[in-house]
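# fold the stuff below for me.
(chains A and B)
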Amino acid sequence: MKCKIGYCLAAVVGFSLLSGCAAHQRYTWDDYDKKVYNYYKSPVEKDEFVKNLKEVLDDSDSDGHVPPGIYAEYGYVMYEQGNSIQAVMYFQKEADKWPESKVFMAKLISNAQKKAKKQEAKPGDPAAAASGVTATTEAKAVVTPEVAK
Amino acid sequence: MRRLSLLALLLVVATAAGCATPNMSKHEKFLEAAPRSILIVPVINKSVDVTAADYMLSTISVPLAERGYYVFPINAVKRMLEDDGLSDSSMVHNASAIKLAALFGADAVLYVTINQWDAKYMVTTTHVTVSIKYQIRSGKTNEVLWENSERLVYAPKNNGGGIAGLIVGAIHAAITKAAPNYMPLAHQVNDKALNVYPGRGIPLGPYAQEQAR
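Residues are numbered from 1 along each chain as shown, chains lettered A, B, ... in the order given. Here you go, the predicted structure:
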């Protein structure tokens, strides 16, 4: 009986150690890699990529395990679509969550603001209309001084 | 019975050793530089398979981030480099890591080169041989902090058994040839290259260390 208990104990310790270095994931990726690959395979399906990125974002945001780069990745497709307000918002989120990203995010935020300004100058631009116009002023308000520095 | 428990204990010790402290000599430069963030730049593809670069680029950030590093958004980085006139991957690889790191505020840069990616299609099965080189250079000094080369022969799982199995296998190989899915292969080779540590893999990054504490 004694032996049995010892054996059980050793097994339990063994398992707990095993799980300690097993490959459980730190972040919720939601097939991010497959989604990026599919987009590179057929770049015309940009809308699908945007939708897929949003999925990763929503799922990881809701469980609090957003992987590094995901806010910025989504912000970048928003930027490409001319939605500067959303772009700046997500670049800012990336910078707040990951201090390592601040240099890059400051650059992307500044690019998005420049783009918004250009759109404002041309009020007839459909992309500016879609993003809700007055983009410059609102985009500026979102940036905290920390990153704008 | 006592022998069994001894065996179990031995197993425990072996397991514990598996995730024990790092081997200083091999990783000295890396540990000294202690990068927090790694910039993944577009992959050089020297193989004949045109899809290989996309497979490697899209799959590398997950295992790196899981090892505890901040990884930059691959697609946004790729686009920014293109805007800066660096759309060609060999041009990017020839650029100094210092210059690239400064563009993004990265501590280190990861360069991946595909040396081989050959698929051999046989009647019932496919064998893919890949050979990948990974190198991390310091964004401050351009010094090589870590490098590793992995070669892997990959055979997608096949349905064995009898003539029926043979036919299913043949169909499977045909489908594979038309639209191969190399996702599992890319995962395997990355895992082998990065996660064997202590060994040839890379040390845990700051976010993994925080969690371990």
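# which parts of the chain are helices?
All of this is about chain A. Using DSSP state H, the helices of chain A run over A:2-20, A:32-41, A:46-63, A:70-80, A:84-97, A:102-121, A:126-130, A:135-142, A:145-148.
# let's do chain B instead
Under the criterion DSSP H, chain B contains helices at B:2-18, B:24-33, B:52-66, B:74-83, B:89-94, B:97-104, B:162-178, B:183-194, B:206-212.
# where among those helices is average confidence lowest?
Of all the helices of chain B, the segment with the smallest mean pLDDT is helix B:2-18, scoring a mean of 53.
# may I have stretch B:65-82 as PDB, with CA atoms only?
The C-alpha trace of stretch B:65-82 is given here as PDB (Å, rounded to 0.1, in the frame of the first residue of the first chain):
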ATOM      1  CA  ALA B  65       5.600  35.200 -29.500                       C
ATOM      2  CA  GLU B  66       4.800  32.100 -27.600                       C
ATOM      3  CA  ARG B  67       8.500  32.000 -26.500                       C
ATOM      4  CA  GLY B  68       7.900  35.300 -24.800                       C
ATOM      5  CA  TYR B  69       9.000  38.000 -27.300                       C
ATOM      6  CA  TYR B  70       7.200  41.000 -28.700                       C
ATOM      7  CA  VAL B  71       6.900  40.300 -32.400                       C
ATOM      8  CA  PHE B  72       6.000  43.000 -34.900                       C
ATOM      9  CA  PRO B  73       2.900  42.600 -37.100                       C
ATOM     10  CA  ILE B  74       4.200  40.700 -40.100                       C
ATOM     11  CA  ASN B  75       1.900  42.100 -42.700                       C
ATOM     12  CA  ALA B  76       2.200  45.700 -41.600                       C
ATOM     13  CA  VAL B  77       6.000  45.300 -41.500                       C
ATOM     14  CA  LYS B  78       6.000  43.800 -45.000                       C
ATOM     15  CA  ARG B  79       3.900  46.700 -46.300                       C
ATOM     16  CA  MET B  80       6.000  49.400 -44.600                       C
ATOM     17  CA  LEU B  81       9.200  47.900 -46.000                       C
ATOM     18  CA  GLU B  82       7.700  47.900 -49.500                       C
END
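# and it, which residues are buried?
For stretch B:65-82, the neighbour count (16 or more other Cβ atoms under 10 Å in any protein chain shown) marks B:65-81 as buried. Heads up, the C-betas are built off the backbone N, CA and C, glycines and all.
# where does chain B get nearest to chain A, residue-wise?
Closest residue of chain B to chain A, Cβ to the nearest Cβ: B:G105 (2.5 Å).
# can you name the residues that contact that residue?
The neighbours of B:G105, taking Cβ atoms under 8 Å, 6 or more residues apart in numbering or on different chains as the test, are A:E100, A:S101, A:K102, A:V103, A:F104, B:S37.
# is it true that the third one touches A:A95?
Put plainly, it is A:K102. Yes: A:K102 is within contact range of A:A95, at 5.0 Å (criterion: Cβ atoms under 8 Å).
# who has more neighbours out of those two?
Between A:K102 and A:A95, counted using other Cβ atoms under 10 Å in any protein chain shown, A:A95 has the larger neighbour count: 24 against 16.
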